[in-house]
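# Turn this into a model:
(one chain, ligands or ions: 1)
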Amino acid sequence: AVERTFSIIKPDATRRNLTGKINARFEENGLRIVAQKRLWMSRQQAEQFYGVHKARPFFNDLCTFMTSGPVVVQVLEGENAVAKNREIMGATNPANAAAGTIRKDFAESIEANSVHGSDSPENAATEIAYFFAGTEIVG
Ligand code: CMP
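I've put the predicted structure just below:
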């Protein structure tokens, strides 16, 4: 079914001017960017967005990294968009990411891993609503 997923191009990637190259990966693989904006997350936004990871040892560093520069938040639409985007991104740790994936080709580390993508349609809906009003999504 056609579905939507939430994506973030992270500060390591915006710093290296990789937004267009990453967007090309989505488009070449059949995902449509139906909403997009560049913003600098506040500490509070990062902590709330990653709230599910609050108890993890990497939480504090992750929030520091995600507020270290601008990000591009996006809604991607397409057939099985959540799973498709996870394939395009590759494994969280670039050392484990398959050839041809965004993280294999661009990520610097498990933390500075260039992109975030929702892990389920339910979380996608929550994450989309956190950054976008319905009127900002144009399918
Ligand atoms: P993301 O998909 O945005 O979800 C949580 C993020 O935490 C993950 O990508 C990584 O950027 C970051 N992270 C840092 N260390 C770890 C780790 N050991 N395991 C999982 N995620 C980590």
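# near the ligand, which residues of this protein?
Residues of the chain lying near the ligand by CB under 6 Å from any ligand atom: 53, 58, 62, 92, 110, 111, 113, 116. Yep, even glycine has a C-beta here, placed from its N, CA and C like the rest.
# which residue packs closest to the first one, ignoring adjacent ones?
The reference is to residue 53. residue 59 (5.1 Å; CB to CB, 6 or more residues apart in numbering).
# Neighbours of that neighbour, how many?
Residue 59 is flanked by 16 other residues according to other CB atoms under 10 Å.
# again with residue 139
So residue 139, with other CB under 10 Å, has 9 neighbours.
# Okay, it and residue 76: tell me how far apart.
Taking CB to CB, to the nearest Å as the criterion, residue 139 is separated from residue 76 by 11 Å.
# picking that back up, of the residues of the chain next to the ligand, which is the nearest to residue 1?
Distance to residue 1 across the residues of the chain next to the ligand (CB to CB) is lowest for residue 116, with 22.5 Å.
# and for residue 139 and residue 76, which residues touch both?
32, 34 (CB atoms under 8 Å, 6 or more residues apart in numbering).
# Break down this structure into its helices, ranges please.
For the chain, the helices defined by DSSP state H occupy 11-15, 19-28, 43-49, 59-66, 81-89, 102-106, 121-131.
# what would those look like in a markdown table with mean pLDDT?
What follows is the helices of the chain, written out as a markdown table (pLDDT from 0 to 100):
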| stretch | mean pLDDT |
| --- | --- |
| helix 11-15 | 99 |
| helix 19-28 | 98 |
| helix 43-49 | 98 |
| helix 59-66 | 98 |
| helix 81-89 | 98 |
| helix 102-106 | 98 |
| helix 121-131 | 98 |
